[in-house]
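A.B. asks: quick check, what structure comes out for this input:
(2 chains)
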Number of protein chains: 2
Amino acid sequence: MSEIVPSDPSGSLVERLDLQPVGNGPLDGMTFTVKDNIDIAGHRTSDGSPAWRDAHAAPVHNAVCVDQLLSAGARCVGKVVADEFTYSLDGESQFFGTPRNAKAPERVPGGSSSGSAASIANGLVQFSIGTDSGGSIRVPASLCGLWGMRPSLHRISEAGVLPFMPSVSTVGVLADRFERLDAVARVLLRSGSRAVTPLKRLLLLTDALDICDGAVQEQAQIALRRVADKVGVPLEPVRFSDIAGEDLPLSDCNVKALRDMQSAEFQSTIGNWIETTKPTLGTTFTLAYGNVQRFDRIAALDSLVRCERFFEAINAFLPAGVVICFPTTPVIAPLRGSLTTLDNVLNFYDRTMTITAFSGVGRLPEISAPLLTVEGCPVGLSFAAGHYQDEFLLTAVRKMLAPAG
Amino acid sequence: MSEIVPSDPSGSLVERLDLQPVGNGPLDGMTFTVKDNIDIAGHRTSDGSPAWRDAHAAPVHNAVCVDQLLSAGARCVGKVVADEFTYSLDGESQFFGTPRNAKAPERVPGGSSSGSAASIANGLVQFSIGTDSGGSIRVPASLCGLWGMRPSLHRISEAGVLPFMPSVSTVGVLADRFERLDAVARVLLRSGSRAVTPLKRLLLLTDALDICDGAVQEQAQIALRRVADKVGVPLEPVRFSDIAGEDLPLSDCNVKALRDMQSAEFQSTIGNWIETTKPTLGTTFTLAYGNVQRFDRIAALDSLVRCERFFEAINAFLPAGVVICFPTTPVIAPLRGSLTTLDNVLNFYDRTMTITAFSGVGRLPEISAPLLTVEGCPVGLSFAAGHYQDEFLLTAVRKMLAPAG
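C.D. replies: Residues are numbered from 1 along each chain as shown, chains lettered A, B, ... in the order given. Have a look, this model is predicted:
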């Protein structure tokens, strides 16, 4: 693609830019990239699809979130690769190339905010903004060894961000260090000097742990015991059935709730455009989109009701002061090119989304911390809190993970 | 316009339809209309603008909320007029005509969900769905003498609803009777059998009362005393400065918070489309849009931060069990054609939005009840509760307003 800057070792840039800060603030001196489903004035937004990009004029205004960052002192150096229509967790783009996973170059970076993660992990910038509907910030954070935050649903303005799944999608942040994640998130969240509750309880979602690879489980338990000791609160195991008040598996958050909401909403946003314009679609996306096309929203309305019930149950379990943790992904990054067989796809997606859908239905803020290493590859450890408890979560994670002494 | 059904006495129909229910449920036997910024499969969505309608293909899928209603037993009989780009509270459309205010035919119906209100008030249907960003459900409910509910921000799916102001806009309901409003809202909210707190406190937002016309103030106080007596809780006056914890006027919710968020987000949604396509625009909209064009989002970032601070303060003041009330609008409906002088426009908009912006920044559920009559014209009385306390509010309003005995 002509847009890809040839000298970019991260393979993440769709377009190199230089947007200078328009103010001073907590992000002075920081550089960032923007996932290519978030508008930059004067530059077409692709949403990971050349067909979409070519069919739409360049926006006149930046997305609101971009202006928030420029006003706070940060400088934007480029637009970066997104998976096609952001509908993937792979990070392999047929159209824009696969951004490089710096810590495991033979493996995928994870998606759909693949370029956001690669641009940081390969040293181009210090942070990036992306979006997360089913794990698209958290999965690349986990697989590339970065800090990543999916905030509470709708805490950050989505104006100028491609409408995707309005009941599910968030703008989020990836960064190389916690301090930067924290500073950027607070700018976007417009936190002000909000007071927060101290950390009172630390829960471990054991169903999530159970479906992880053995080595991920071991590493996670070691890391979490260390965290619990540091803050002096016990690590309390809980099961999803305790939270839901019914004997349900954690996978119900995905297959009987969030996934159907995603399909229903996708039909009414990008789906309408695809059906009426018949654009050129990539191979992987075409397969995935087949499920959206066949999806019967009327038959699945129970799932939408269940989303709301799970939201209620999860948040009743997570008042201010409570953090729940689990591995961000059950596995290390799959090898590039391996997500082509049905077995490999199901193993990666079903297991990963069983975990990521928990914060999805709960509309929870979740921070993935780059704390685990398995077979030399990074895996994230996630900390989540109740809906709208973003500032409490940032403060609690700082306390749990700040260097000792 | 050829689309307007000539025999429609309400002047509300853009297109007559007959979408049969696709299931049975709590809405069996009810008919409804859909504001023309909400997708109906196979029919172009105008968003109140012929230019927008002509530039966009008909959607393939209904909006998610439309399918929820059809599945619950309701039948859709038409698409109804919206103000241009839904950016108005007038209800006077240069392109689609001004729907008839059944109770005050020489007066405007209020907007932007003007057709939704008129289709109910003139007896075509029992309920309608619309949208509310700055009062577009509540104002026509108040001025036409109907029940109207703006739910908590983001409780109802917005997929298939024209993206407008993502941090502000909601899908909402208008109905002829409380029982129907309640049933429809619970379907869209996917309430299930959620338990609710009993009503403990009833607050009166006195700053809102103070800016109302004298007769509205008198009528509101009489009605509210009756409500308080009925439920046996005192009516406690509160000022916005008590809520904000600072000596601020209620108008700050509008002019120093919500209005700037609206302008910023509008620039990044419809604004981009207008700037890049230069469509034919109506006279009234062109004037209003001038403010959006000139709006400097960077200079107004403080307002976005203030939105978040007001949200926090308002919701800390409104835990479960607390209802706050105020007149929905400070005035009866203006005369048709009167909103052409700057004085009349400011008198109507600034005063009205000073009240409506309170639930806007609070992201509160608000129900406008058709309880007041001034000079023979209807005015609504509003009841609001904390963010996501929609079911509590519905239950509390039922208790407060159910016929005695």
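
A.B. asks: so A:R225 sits against A:L235, correct?
C.D. replies: Yes. The pair A:R225 and A:L235 qualifies as a contact (CB atoms under 8 Å) at a distance of 6.5 Å. Every residue, glycine included, has its C-beta placed from N, CA and C.

A.B. asks: look at the two and report which has more neighbours.
C.D. replies: A:L235 (15 against 12; other CB atoms under 10 Å in any protein chain shown).

A.B. asks: now do the contacts for that one.
C.D. replies: Taking CB atoms under 8 Å, 6 or more residues apart in numbering or on different chains as the contact definition, A:L235 lies against A:202-204, A:224-225, A:227-228.

A.B. asks: now do it against A:P319, distance only.
C.D. replies: Distance, A:L235 to A:P319, using CB to CB, to the nearest Å: 18 Å.

A.B. asks: strands of the stretch 101-250 of chain A, start to end?
C.D. replies: Counting by DSSP state E, counting those that start in this stretch, one finds strands in the stretch 101-250 of chain A at the ranges A:127-132, A:147-150, A:170-175, A:201-205, A:235-238.

A.B. asks: what stretches of the stretch 151-300 of chain A score poorly on pLDDT?
C.D. replies: Along the stretch 151-300 of chain A, the model assigns pLDDT under 70 to no residue.

A.B. asks: tell me which parts of it are close to chain B?
C.D. replies: A:153-154, A:157-161, A:163, A:165-167, A:189-192, A:194, A:261, A:264-269, A:271-272, A:275-277, A:297-298 (CB under 8 Å from any CB of the partner chain).

A.B. asks: one more time with 7 Å, if that's ok
C.D. replies: Residues of the stretch 151-300 of chain A lying close to chain B (CB under 7 Å from any CB of the partner chain) are A:153-154, A:157-160, A:163, A:165-167, A:190, A:192, A:194, A:264-265, A:267-269, A:271-272, A:275-276, A:297-298.

A.B. asks: can you say which of those are buried?
C.D. replies: Among these, those classed as buried by 16 or more other CB atoms under 10 Å in any protein chain shown are A:153-154, A:157-160, A:163, A:165-167, A:190, A:264-265, A:267-269, A:271-272, A:297.

A.B. asks: could you list which of these belong to helices?
C.D. replies: A:264-265, A:272 (DSSP state H).

A.B. asks: read off the pLDDT value for the closest residue in space to A:S251 that isn't next to it in sequence.
C.D. replies: Among residues not flanking A:S251 along the chain, A:T354 sits closest, at 4.6 Å (CB to CB, 6 or more residues apart in numbering or on different chains). pLDDT for A:T354: 98.

A.B. asks: so A:T354 sits against A:L250, correct?
C.D. replies: Yes. The pair A:T354 and A:L250 passes the contact test of CB atoms under 7 Å, sitting 5.6 Å apart.

A.B. asks: now the helix or strand hosting A:L304: buried residues?
C.D. replies: A:L304 is located in helix A:301-317, with elements delineated by DSSP states H and E. By neighbour count on 16+ other CB under 10 Å, the buried set for helix A:301-317 is A:301, A:303-315, A:317.

A.B. asks: show me which of those residues neighbour chain B.
C.D. replies: Near chain B, by the rule CB under 7 Å from any CB, you find A:301, A:304-305, A:308-309, A:312 out of the buried residues of helix A:301-317.

A.B. asks: which of those residues scores worst on pLDDT?
C.D. replies: Lowest pLDDT of these: A:L301, 93.

A.B. asks: name the nearest residue to it, sequence neighbours excluded.
C.D. replies: B:S71 (5.4 Å).
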